[in-house]
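Peer 1: Requesting a structural model of the entry that follows:
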Amino acid sequence: MSNDAVDEGELILCCALCCANTSLYPSSDCCGCSGKLGVCCLNLEFCCKPGAPCLPCGCIGPTCDGDGCLNAQAHICCCVTSAALPCNDEVPVAVTVAGLTVFPKCGCCVPMKEIMSR
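Peer 2: The predicted model follows:
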């Protein structure tokens with residue numbers, strides 16, 4: 001997992017299809033908002049969250065460390081939406097509807113760390 005404002009291992013899947021998902025962030029660290037968008041090796045990040053890593057231009061920062069062709073993540077309070085093409089460590093392949101995950105593991109309100117460890 002990368003050094004960003006969201007600990008993907010703590011997320012609880014609500015809805016997912018292939019390489020896109022929406023999750024709950026049940027953490028005391030969920031206050032604020034953050035996001036990132038990456039195309040090839042270029043990333044643009046923003047973060048308005050207490051205790052998050054500093055970015056080069058205050059709360060916005062370009063970086064050159066992308067993962068895959070496309071990756072995106074948006075976080076507002078306890079809601080996180082992520083997508084990647086191809087899937088990666090932060091956005092694994094999953095199928096979840098209304099909190100019920102059917103792939104790669106069956107369960108209700110499955111934490112992302114259980115899917116990431118497969």
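Peer 1: Can you give me the buried ones in the lowest-mean-pLDDT helix or strand in the chain?
Peer 2: Lowest by mean pLDDT, DSSP states H and E among the helices and strands of the chain is strand 60-63, with a mean of 79. Applying a neighbour-count criterion of 16 or more other CB atoms under 10 Å, one finds Gly61 buried in strand 60-63. Yep, even glycine has a C-beta here, placed from its N, CA and C like the rest.
Peer 1: same question, stretch 38-58
Peer 2: The neighbour-count check on stretch 38-58 (16+ other CB under 10 Å) flags Gly38, Asn43, Glu45, Phe46, Cys47, Lys49, Ala52, Leu55 as buried.
Peer 1: Between these, which sits nearest Ala98?
Peer 2: Lys49 (27.8 Å; CB to CB).
Peer 1: Name the next helix or strand downstream of whichever strand or helix holds Ala16, please.
Peer 2: Ala16 is part of strand 12-18 when elements are defined by DSSP states H and E. The first helix or strand that comes after strand 12-18 along the chain, using DSSP H and E, is strand 20-24.
Peer 1: any residues touching the very next helix or strand once past the least confident helix or strand of the chain, and which ones?
Peer 2: Downstream of strand 60-63, the first helix or strand assigned by DSSP H and E is strand 70-76. Applying CB atoms under 8 Å, 6 or more residues apart in numbering, the set of residues contacting strand 70-76 from outside is 4-6, 25, 30, 32-39, 43, 49, 80-85, 88, 90-91.
Peer 1: What pairs with strand 70-76, parallel or antiparallel?
Peer 2: Paired strands of strand 70-76, with direction, are strand 33-39 (antiparallel), strand 79-85 (antiparallel) (DSSP bridges).
Peer 1: tell me the mean pLDDT over the last one?
Peer 2: For strand 79-85, the mean pLDDT works out to 94.
Peer 1: What residues sit buried inside it?
Peer 2: Across strand 79-85, burial judged by 16+ other CB under 10 Å covers Val80, Thr81, Ser82, Ala83, Ala84.
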